[in-house]
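Undergrad: Pasting the sequence and the predicted model now:
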Number of protein chains: 2
Amino acid sequence: MKLFGFFRSSAAFRVRIALNLKGLAYEDAFIHLRRGDQRGGDYLAVNPQGLVPALEIDGKTLTQSMAIVEYLDETHPHPPFLPPAPADRAHVRALAAIVACDIHPINNLRVLRYLSRPLGHDQAAIENWYNHWIAAGFEAFERLVAADRSTSEFCAGDRPGLADIALVPQVVNSERYRLDLSPYPTLARIHANCMKLDAFAAAHPNNQPDRDD
Amino acid sequence: MKLFGFFRSSAAFRVRIALNLKGLAYEDAFIHLRRGDQRGGDYLAVNPQGLVPALEIDGKTLTQSMAIVEYLDETHPHPPFLPPAPADRAHVRALAAIVACDIHPINNLRVLRYLSRPLGHDQAAIENWYNHWIAAGFEAFERLVAADRSTSEFCAGDRPGLADIALVPQVVNSERYRLDLSPYPTLARIHANCMKLDAFAAAHPNNQPDRDD
């Protein structure tokens, strides 16, 4: 199994966490996003979308981090990433989607680059943009987890799952731009609980072999 | 069952298609996004994220369109929205995520409004932004469906599923800004096949009671 990733990609970070939680060993292939490896012909043959991660597994190449995480959960059911009841699964998937749909893609490297050029915005405007979308998403995420009776040590119960896998990389990103997490106490507590686990800590960007900052 | 939606929301459009495909009747609640209904206290009590759709069903309120579609598929398995094999399911979920994560959220009304104010861009710059992200996503989507042996009348086989549910509203959106679909012949063909079905046609924005443009 080979994971095409980049230490700083939060989508790749999700898949690293998922592989670690399932106890699956993998080989790394490093795609350096800032140097543009993702737009090279070699990588476009792996993933025509030119984004990381991609996972080579069982003779197939899978793309899109959340689709990969669901695949890993279907093929390696223990420990489960989703609760058994459909409504509870929908709650967890909705939390994950707040991050995976409504925060992360708007703040992805390619979007920030477009804001810089052609749109001509400076670093301060880009940081405002970045924090604006994180804050909007985290505010909703906080309200949903604070109100739900399934919220415990983790987003849904006493073991980490799909929502935690999406949340943690986004919190780590927000720390880079010094976003104040105090308005989101439940989210911050869950994040801290996750980071105590080896599966999350080992997947952190700072602990990747391709780290270069 | 009550669907909180807006005729022009492509995320609500997805859920309308899914409900129609499953043969489920629903009541409409119209949240007028351009007038700001989504930021009113009444609606924020339904969905703290202030986005549509939300679905009230079996005493629960579900949010996030793709989580809702997966819920409907789990609770009403026929006709299925996903193929049985995990790798095939991952392929379909990845296609859906190209739209649901990497095109639609970047082009959502709230993002276009932010480009207008505070960022100060005019309509031409916003249309360029809009079409840029659709083209990037459609190019990848086209390559993936053109290359996959499961592609047929629909994205995966001879009945519509999760990827088609995500694709069609995005194509309908792209038509509004006159995006040239000729670089994406497979995608355009699948879209045309979907639109021949009552479940898709009845869900089209033009056929909603709250249409006001």
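TA: All right, it came through fine. Residues are numbered from 1 along each chain as shown, chains lettered A, B, ... in the order given.
Undergrad: can you list the domain ranges for chain A.
TA: A:2-78, A:86-200 (automatic domain parsing).
Undergrad: What's the end-to-end length of the longest one?
TA: End-to-end span of domain A:86-200 (Cα to Cα, to the nearest Å): 26 Å.
Undergrad: what's the model's confidence in that domain, averaged?
TA: For domain A:86-200, mean pLDDT is 97.
Undergrad: mind checking the longest helix of chain A?
TA: helix A:123-147 (DSSP state H).
Undergrad: tell me the strands in chain A, going along the chain?
TA: A:2-5, A:27-30, A:54-57, A:60-63 (DSSP state E).
Undergrad: among those, which is nearest chain B?
TA: Nearest to chain B among the strands of chain A is strand A:60-63; the distance by Cβ to the nearest Cβ comes to 4.8 Å. For every residue, glycine as well, the C-beta is placed using N, CA and C.
Undergrad: quick one on the thing from earlier: as CSV, the domains of chain A with distance to chain B and mean neighbour count would be great.
TA: Compiled in CSV, the domains of chain A are given as follows (distance: least, Cβ to the nearest Cβ, whole Å; neighbours: other Cβ atoms under 10 Å in any protein chain shown):
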stretch, distance to chain B, mean neighbour count
domain A:2-78, 4, 20
domain A:86-200, 4, 19
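Undergrad: Would you tell me which of these gets closest to B:Ile190?
TA: Ranking the domains of chain A by distance to B:Ile190, with Cβ to Cβ as the measure, places domain A:2-78 first at 16.8 Å.
Undergrad: Show the average pLDDT along that closest one.
TA: Taken as a whole, domain A:2-78 carries a mean pLDDT of 97.
Undergrad: and the longest helix of chain A, what other elements does it pack with?
TA: helix A:86-100, helix A:109-116, helix A:162-176, helix A:185-195, helix B:109-116 (3 or more Cβ pairs under 8 Å, 6 or more residues apart in numbering or on different chains; DSSP states H and E).
Undergrad: what's next to the first one, contact-wise?
TA: For helix A:86-100, the external contacting residues (Cβ atoms under 8 Å, 6 or more residues apart in numbering or on different chains) are A:11, A:14, A:65-66, A:82-83, A:137, A:140-141, A:144-145, A:148, A:150, A:155-156, A:161-163, A:165-167, A:170, B:49, B:58, B:60, B:62-64, B:66-68, B:70-71, B:74-75, B:97, B:100-101.
Undergrad: do the second one as well
TA: When contacts are defined by Cβ under 8 Å, 6+ apart, helix A:109-116 is touched by residues A:Leu33, A:Arg34, A:Pro105, A:His121, A:Ala125, A:Ile126, A:Trp129, A:Tyr130, B:Ile106, B:Trp129, B:His132, B:Ala136.
Undergrad: go on, the fourth one?
TA: Residues from elsewhere that reach helix A:185-195, judged by Cβ under 8 Å, 6+ apart: A:138, A:141-142, A:145-146, A:151, A:153-155, A:160, A:164, A:167-168, A:171, A:181-182, A:200-201, A:204.
Undergrad: re the thing from before, of the strands of chain A, which is nearest A:Asp213?
TA: When these are ranked by proximity to A:Asp213 (Cβ to Cβ), strand A:27-30 comes first, at 13.9 Å.
Undergrad: then the closest one to PDB, C-alphas only?
TA: Coordinates of each C-alpha in strand A:27-30 appear next as PDB, following Å, rounded to 0.1, in the frame of the first residue of the first chain:
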ATOM      1  CA  GLU A  27       4.800   3.200   2.100                       C
ATOM      2  CA  ASP A  28       5.200   6.900   1.500                       C
ATOM      3  CA  ALA A  29       5.400   8.700  -1.900                       C
ATOM      4  CA  PHE A  30       6.100  12.400  -1.300                       C
END
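Undergrad: Could you tell me how far it lies from the centre of the chain?
TA: Centre-to-centre, strand A:27-30 and its host chain are 17 Å apart (Cα atoms, centre = their mean, to the nearest Å).
Undergrad: same question, stretch A:89-102
TA: 11 Å.
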